[in-house]
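Asker: mind folding the following:
(4 chains)
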2 protein chains.
Amino acid sequence: MRRRKSYATIKDVANAAGVSISTVSRVLNNKDDVSPETSAKIHTVINELNYTSSLAARSMRSQRTNVIGVIMPDVVTSYCIEVLRGINQAITQSDYDLIIYTTGDIWRSGTADQERRYVALLNGSITDGMIVVTPVATHFSTNAPVVVVDPNNGSPNYPAVIATNQAGASTAMAYLTGLGHRRIGFITGRLELASASHRLQGYKEGLVAVGIPLDETLIQIGDYEAPRAIECARALLSLEDPPTAIFASNDISAMGVYQAAREAGRRIPQDLAVVGFDNVRDAVFLNPPLTTVDQFISEMGSIATNMVIKLVKGEALETDLYKISTQLVVRGSCLPLARGDNDVATVPPRKSLYVPPA
Amino acid sequence: MRRRKSYATIKDVANAAGVSISTVSRVLNNKDDVSPETSAKIHTVINELNYTSSLAARSMRSQRTNVIGVIMPDVVTSYCIEVLRGINQAITQSDYDLIIYTTGDIWRSGTADQERRYVALLNGSITDGMIVVTPVATHFSTNAPVVVVDPNNGSPNYPAVIATNQAGASTAMAYLTGLGHRRIGFITGRLELASASHRLQGYKEGLVAVGIPLDETLIQIGDYEAPRAIECARALLSLEDPPTAIFASNDISAMGVYQAAREAGRRIPQDLAVVGFDNVRDAVFLNPPLTTVDQFISEMGSIATNMVIKLVKGEALETDLYKISTQLVVRGSCLPLARGDNDVATVPPRKSLYVPPA
DNA sequence: CTGTTAGCGCGTTCAA
DNA sequence: TTGAACGCGCTAACAG
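Answerer: So this is what the prediction gives:
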């Protein structure tokens, strides 16, 4: 499996153009001291040979690659996809290219050692700066710019973009309790993640705020994924005294609740109010459209991207800790708690308003 | 912005351990001819210095990186996300790491030149082999393994994984016409993509098969995205003689149809049958669950991944052209066309069966 | 078992 | 305006 010089190198270009390597290099880097003819000649050859300078060799010398790296635990969960969406958008409007690095294993990675390894791997070579998403590690061995998104530890050592998970959750609770709900089920996220425990705190906080005692049976341990959420919702709905509302720790879990409710013959929102978290893109397409807490995930991605780019360029940051406030997006999945069983007529009909996510 | 030797190099390790550089290299690559003590000593130092070998330098020498590269037009459309899901899964079960490369611009990229540039960029340096998703380019200048997913040109020059788009679409049409529908609207995808025109062909084929004349007003030009699909569906539904069924070129577009139908007060499936394409993860969470054509996108990703890995290892492929047959997944978004307006009672109640996508 | 030597492809001096 | 020489961090061949 040895492949040597399978592609054109700067040497090939130099030979074909009848000039020296360094002249080609100069042309590549737009130095001004090259005669127009030589330059033109070289460009022709470059096109003919389909030459591209080697990222590896180039970065090894110049420490400059025009590439921003992203390290994520995975690229398939809705959260990561949304972050990516934002990063993607910010990259589009910049001169930088994007490399996403992942082991592909949701569970295996996420360890501090892995993260550190990756940061070193990319930053030591092919990346000008990087974004680490939901890191557990607190320190990375690199002095190239690092920006962190939603770190899993308290006070990040790097410029960070974070969401106000707890406040968002308690806002949602305030909404539900305001509608008269008192038995509110909760499906947690992956509790080993900071976001999940913060949302749980928000749930409890919301209960305390209106003096509802905590009922542990109303809390189900989820994992941010639909299958588990379906089970959780089934458990809640088959309780002797089932909740009239369920607050799911993310939208995917809320979709699981929809599924379980349909199975159980419970109508949303008449028989069961549902609130999600994230405001994922598809939330608006559910029937009824999902009321959820928007945490502007994709914004977090684009802000983080702009932060690293600034740092790479040597500019200063306005702030090292960028907090993004969550916001409740009210759509059609909740109704006021009706005392008389299906007293739906008393509430205004919900409009099928298209509320674009983010 | 010049940063020199910001991180530990192999030289630092060698100095700190009091050995030569090559000895360290041997330890790094698990060569057997190193004394246990030396090896242990070096490992200690490596940990202390938090050393990671530079990907750039390493790959430049050894042409071996243990990294598989993916080049995609973007990382935010549902199609790409699904492909990624499959790649992700296959990578998990391998020893390889994954790098995803994208310009982040859905529209800017997708040009043959860009693709060629990226392939050269990654393969010339940091990647052992790569997967190019929906390429328009037909040839890449590299002899490192390349596998192509759903190429936009006829006969790919590289091992490829492709979906049977046309057949899938005509199957869906057969289903709809079998239910008695004769006025069937169609929302296309981005017609510059091969998949989109193949699906359109399948639509027409399905019409021809049962002798329904083509009505151009029933074909709306979409772009695989929801907002456009909503407009298309609105147009179809406000036709003088509106369709009784709409076949959308992908699930995201089908979600747009749901939205437009809701606005127009049309119930799905009673008043309007809807079929999608892709079988995206969330299709099952829609209400009613979406009947769609599964093209096993994520399988395509994992198969492609396993193919490159084989090639990288120097193993032979069973086949160079892997066709994945589509399959209709019947859920709840279609009913037989009822002559007597809302003659719903004649059909069996749809079960809310959980059909896991893929 | 370990050190020395020679590049990989490229950018950057320094001379010419 | 251009070319020769050097070294980035690393691996592989060859000596010892």
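
Asker: ok, and does the helix or strand of chain A with the lowest mean pLDDT reach over to chain B?
Answerer: The weakest-scoring helix or strand in chain A, judged by mean pLDDT, DSSP states H and E, is helix A:112-123 (a mean of 72). Yes: for helix A:112-123, a contact with chain B is found by C-beta under 8 Å from any C-beta of the partner chain, at A:Arg116, A:Arg117, A:Ala120, A:Leu121, A:Leu122, A:Asn123. In short, each C-beta sits where N, CA and C put it, glycine included.

Asker: closest one of those to A:Ala8?
Answerer: A:Leu122 (25.8 Å; C-beta to C-beta).

Asker: you'd agree that closest one is up against A:Thr65?
Answerer: No: assessed by C-beta atoms under 8 Å, A:Leu122 is found out of contact with A:Thr65, at 9.8 Å.

Asker: quick one: which of the two has more around it?
Answerer: Neighbour count, other C-beta atoms under 10 Å in any protein chain shown: between A:Leu122 and A:Thr65, A:Leu122 has more, with 28 against 23.

Asker: not counting its neighbours along the chain, what's nearest that one?
Answerer: Of all residues not flanking A:Leu122 in the chain, A:Gly69 sits nearest, at 4.3 Å (C-beta to C-beta, 6 or more residues apart in numbering or on different chains).

Asker: try A:Arg228
Answerer: A:Gly222 is the one closest to A:Arg228 (C-beta to C-beta, 6+ apart), at 5.0 Å.

Asker: one more: A:Gly189?
Answerer: Per C-beta to C-beta, 6+ apart, closest to A:Gly189 is A:Ala196, 3.3 Å.

Asker: shouldn't that neighbour be within a helix?
Answerer: Yes: counting by DSSP: H, G, I helix; E, B strand; the rest coil, A:Ala196 is found in a helix.

Asker: which bits of the stretch 1-150 of chain A sit near DNA strand C?
Answerer: A:4-5, A:9-11, A:21-22, A:25-26, A:28-29, A:51, A:53-54, A:57-58, A:60-62 (C-beta under 7 Å from any atom of the strand).

Asker: pLDDT below threshold where in the stretch 151-300 of chain A?
Answerer: A:154-155 (pLDDT under 70).

Asker: all helices of it, in order?
Answerer: A:165-178, A:194-209, A:226-237, A:251-263, A:297-312 (DSSP state H, counting those that start in this stretch).

Asker: so which of these is the most packed in?
Answerer: helix A:251-263 (a mean of 26; mean count of other C-beta atoms under 10 Å in any protein chain shown).

Asker: same for that one, what does it pack against?
Answerer: Applying 3 or more C-beta pairs under 8 Å, 6 or more residues apart in numbering or on different chains; DSSP states H and E, one finds that helix A:251-263 contacts strand A:184-187, helix A:226-237, strand A:245-248, strand A:273-278.

Asker: need the ones you listed in JSON lines (columns: distance to B:Ile100).
Answerer: Shown next, in JSON lines, are the helices and strands packed on helix A:251-263 (distance: least, C-beta to C-beta, whole Å):
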{"stretch": "strand A:184-187", "distance to B:Ile100": "31"}
{"stretch": "helix A:226-237", "distance to B:Ile100": "24"}
{"stretch": "strand A:245-248", "distance to B:Ile100": "29"}
{"stretch": "strand A:273-278", "distance to B:Ile100": "22"}
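
Asker: which of the ones you listed sits closest to A:Pro288?
Answerer: strand A:273-278 (8.8 Å).

Asker: how far off helix A:251-263 does that closest one point, in degrees?
Answerer: Orientation check (axes from the mean of the first three to the mean of the last three C-alpha atoms, to 10 degrees): strand A:273-278 against helix A:251-263 gives 160 degrees.

Asker: DNA strand D contacts on chain A?
Answerer: Counting by C-beta under 7 Å from any atom of the strand, chain A sits next to DNA strand D at A:18-23, A:26, A:33-35, A:37-39, A:57, A:60-61.

Asker: any of the residues you listed buried? List them.
Answerer: Buried subset of the residues of chain A next to DNA strand D (neighbour count, 16 or more other C-beta atoms under 10 Å in any protein chain shown): A:Val19, A:Thr23, A:Arg26, A:Val34, A:Thr38, A:Ser39, A:Ala57, A:Met60.

Asker: which strand or helix spans the fifth one?
Answerer: This points to A:Thr38. helix A:36-49 (DSSP states H and E).

Asker: next structured bit after that helix?
Answerer: Next element after helix A:36-49 (DSSP H and E): helix A:55-62.

Asker: and the helix or strand following that next one, C-alpha only, in PDB?
Answerer: Next in sequence after helix A:55-62, counting helices and strands by DSSP H and E, comes strand A:67-71. Listed next in PDB are the C-alpha coordinates belonging to strand A:67-71 (Å, rounded to 0.1, in the frame of the first residue of the first chain):
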ATOM      1  CA  VAL A  67      -8.900  26.100   8.100                       C
ATOM      2  CA  ILE A  68     -11.000  26.100  11.200                       C
ATOM      3  CA  GLY A  69     -11.400  22.900  13.100                       C
ATOM      4  CA  VAL A  70     -14.400  21.600  15.000                       C
ATOM      5  CA  ILE A  71     -14.300  18.900  17.500                       C
END
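
Asker: ok, and what's touching strand A:67-71?
Answerer: A:55, A:84, A:87, A:91, A:96-102, A:115, A:118-119, A:122-123, A:126-133, A:135, A:305, A:308-309, A:312 (C-beta atoms under 8 Å, 6 or more residues apart in numbering or on different chains).

Asker: and with 7 Å instead?
Answerer: Here strand A:67-71 makes contact (C-beta atoms under 7 Å, 6 or more residues apart in numbering or on different chains) with A:87, A:91, A:96-101, A:115, A:118-119, A:122, A:126-133, A:305, A:308-309.

Asker: that'll do, ta.
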